[in-house]
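Colleague: here's a sequence, model it:
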Amino acid sequence: MINSRQQLEKNGSKQYTYTMEDEINVEFNNEKKVLCEKIIRDINAVFLKDADLSSFEIIPKETNCNKSPVVHVDHNLGLESWCAQHVYDHAHRTLISHRRQTMQQQLRTLQQQQQSDALAKYLNVALLINPDVTTFWHIRRQLVQKNRLSINKELQFSALVLSMKPKSNEAFAYRRWLYSFQSADAIDWPHEISICERAADRCAGNYHAWSHRQWVLQNAPCLLQSELMRTEKFIRKHISDYSSYHYRQVLLSRAYELGFYMTDDSQPQLASLRELLAQYDLKSEDNGAAVANGDEDAGESLLQLLLPNLNRRSISAQRLRSFLFCCNVAAHDMRLCAEQRTMYGARDCFELHRRASLKFIVEQCVRLLTGLASGLGLYLPAANGSQANELQSQLRKFDYDSHPFLLAVRRVEHKMGEKHKRWCNMHLNFNYRDQSKS
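Modeller: Have a look, this model is predicted:
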């Protein structure tokens with residue numbers, strides 16, 4: 001009997017201890033919830049107060065100093081790191097509980113201004129800290145469709161997210177979705193380019209930023225001229241970021257596809273192309289009258305060297321001007337890569353971009369001479385397998401010995417090593433012999 005009483009007292013003591021610990025945990029969780037709610041309100045107050053927020057950062061700080069962890073200085077928003085995980089977890093639980101409601105309950109929440117504002121408050125915090133949750137971006141889309149969030153403010157918010165996470169594909173995709181509600185003429189395309197450039201500047205090899213920039217270029221070809229200048233500046237600053245070199249190759253193909261050329265003094269007498277021809281031991285001699293007559297006649301001797309015996313009846317004058325302009329840009333890039341290599345030493349990106357520029361010049365010469373790019377607007381980059389195979393077939397059949405410029409290219413590029421020769425054989429069908437096997 002005594003043993004059973006002792007056992008009951010012992011079990012009762014255990015039950016009493018567990019209850020006290022449980023109450024302590026509940027009290028602690030309640031305090032943490034209250035603190036998280038206060039921090040989220042402080043962040044929301046900054047959004048309401050400052051309509052020109054430009055950046056967000058997590059500020060490294062491991063301990064609470066008994067003051068608000070939300071920092072707001074000169075349109076810049078910061079959150080101390082000690083509370084970031086707790087605040088995110090709280091916002092995450094709240095948003096997930098909303099998603100677990102029935103569809104009718106979710107619609108009622110979105111239709112009520114006060115509840116949708118509260119939902120947006122949690123979304124702001126959750127996406128600023130972790131923008132890779134597709135579900136949360138989907139909720140924002142629902143709020144936009146219900147006119148609870150404005151498109152202009154959402155563009156600003158996504159830019160704020162990109163200031164913290166410049167590689168956020170979800171943020172870039174959200175911006176493209178928002179622009180689907182606006183006409184192309186109403187969009188500030190240069191500003192969009194600036195956002196892409198800032199993201200690429202902060203994070204090397206930013207595939208999502210450069211892909212978004214390609215989307216901008218497809219929708220705003222009026223930016224071709226400025227993009228040619230901006231990308232060169234970026235390449236000179238970020239010498240090892242091959243994503244920028246690849247974008248410039250896309251830019252050049254797009255310019256030629258649209259028959260783009262510039263008639264100002266940015267390319268005086270196509271100097272880069274003439275310099276390239278001189279490196280290949282070829283010279284074009286324009287008489288004084290041709291130079292005096294301006295751009296239309298100044299490139300005539302270049303065309304005779306690059307495209308001898310061309311049937312010009314099937315080629316528009318604009319296509320030929322664009323051909324000379326784009327080849328001059330490619331020649332300029334080949335010289336740029338040589339300068340970069342002299343300054344910084346050999347790097348793969350220099351060699352790869354030089355090869356891409358050379359490939360562009362050779363391929364466009366072959367296209368025009370074989371009739372693959374006749375007229376204006378009929379040129380398209382090899383976007384699919386059949387187009388690429390057709391070009392490769394023409395390259396294999398092309399008689400380089402009968403073409404002075406391409407024969408000179410083949411002769412000079414032969415001196416650049418076995419690896420480069422193998423690349424020329426594979427992509428340009430120069431048919432060099434492999435000396436390593438002999």
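
Colleague: for I59, give me phi and psi.
Modeller: Main-chain dihedrals, I59, degrees, to the nearest 10: phi -90, psi 120.

Colleague: what about the nearest residue to it once chain neighbours are set aside, neighbour count?
Modeller: Leaving out its chain neighbours, the residue that sits closest to I59 by C-beta to C-beta, 6 or more residues apart in numbering is G78, at 4.6 Å. Heads up, the C-betas are built off the backbone N, CA and C, glycines and all. Neighbours of G78 under the rule other C-beta atoms under 10 Å: 17.

Colleague: surely G78 and P60 touch.
Modeller: No - the pair G78 and P60 fails to qualify as a contact (C-beta atoms under 8 Å) at a distance of 10.3 Å.

Colleague: for the residue nearest to I59, which three-state class applies?
Modeller: Recorded secondary structure, G78: strand (DSSP: H, G, I helix; E, B strand; the rest coil).

Colleague: quickly list what it is bridged to.
Modeller: Going by DSSP bridges, G78 is paired in beta bridges with E57, V71.

Colleague: for the stretch 1-150 of the chain, which segments count as helices?
Modeller: Taking DSSP state H, counting those that start in this stretch as the test, the helices found in the stretch 1-150 of the chain are 2-49, 81-99, 103-111, 113-129, 134-145.

Colleague: can you report how many residues neighbour H72?
Modeller: The tally of other residues near H72 (other C-beta under 10 Å) stands at 17.

Colleague: same question, the one 4 residues further on
Modeller: By other C-beta under 10 Å, the residues close to N76 number 15.

Colleague: what score does it have for pLDDT?
Modeller: Looking at N76, its pLDDT stands at 96.

Colleague: dump the residue contacts of the residue nearest to it when sequence neighbours are not counted.
Modeller: Residue nearest to N76 in three dimensions, not counting chain neighbours: S55, with 4.9 Å by C-beta to C-beta, 6+ apart. Counting by C-beta atoms under 8 Å, 6 or more residues apart in numbering, S55 touches H75, N76, L77, L160, S163, M164.

Colleague: for the stretch 201-350 of the chain, give me the ranges with low pLDDT.
Modeller: 264-267, 284-298 (pLDDT under 70).

Colleague: if we use 90, what do you get?
Modeller: Residues of the stretch 201-350 of the chain that meet the criterion pLDDT under 90 lie in 262-270, 282-301, 304, 308-317.

Colleague: C36 contacts A84, doesn't it?
Modeller: No - using C-beta under 8 Å, C36 makes no contact with A84, being 10.7 Å away.

Colleague: now do the helices in the stretch 301-438 of the chain.
Modeller: Under DSSP H, counting those that start in this stretch, the stretch 301-438 of the chain gives helices at 317-344, 348-370, 385-397, 404-413, 418-427.

Colleague: closest to V46 out of those?
Modeller: Among these, helix 348-370 comes nearest to V46, with 41.0 Å by C-beta to C-beta.

Colleague: out of the helices of the stretch 1-150 of the chain, which is the most enclosed?
Modeller: Neighbour counts (mean count of other C-beta atoms under 10 Å) averaged over each of the helices of the stretch 1-150 of the chain peak at helix 113-129, with a mean of 19.

Colleague: just how off-centre is that helix within its chain?
Modeller: 28 Å (C-alpha atoms, centre = their mean, to the nearest Å).

Colleague: now do that helix: which elements does it pack against?
Modeller: With contacts defined as 3 or more C-beta pairs under 8 Å, 6 or more residues apart in numbering; DSSP states H and E, helix 113-129 has these neighbours: helix 2-49, helix 81-99, helix 103-111, helix 134-145, helix 151-164.

Colleague: got a list of contacts for stretch 191-211?
Modeller: Stretch 191-211 is contacted by residues 159, 162-163, 166-169, 172, 175, 212-213, 216, 223, 226-227, 230, 234, 238, 240-244, 246-247 when judged by C-beta under 8 Å, 6+ apart.

Colleague: among these, name the buried ones.
Modeller: Among these, those classed as buried by 16 or more other C-beta atoms under 10 Å are 159, 162-163, 166-169, 172, 175, 212-213, 216, 223, 227, 230, 234, 238, 241-244, 246-247.

Colleague: was I right about D42 contacting K67?
Modeller: No - using C-beta under 8 Å, D42 is not in contact with K67, being 10.8 Å away.

Colleague: circling back to that earlier point, save the helices of the stretch 1-150 of the chain as a markdown table, and put in distance to S357 too.
Modeller: Below are these laid out as a markdown table (distance: least, C-beta to C-beta, whole Å):
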| stretch | distance to S357 |
| --- | --- |
| helix 2-49 | 47 |
| helix 81-99 | 45 |
| helix 103-111 | 52 |
| helix 113-129 | 41 |
| helix 134-145 | 39 |
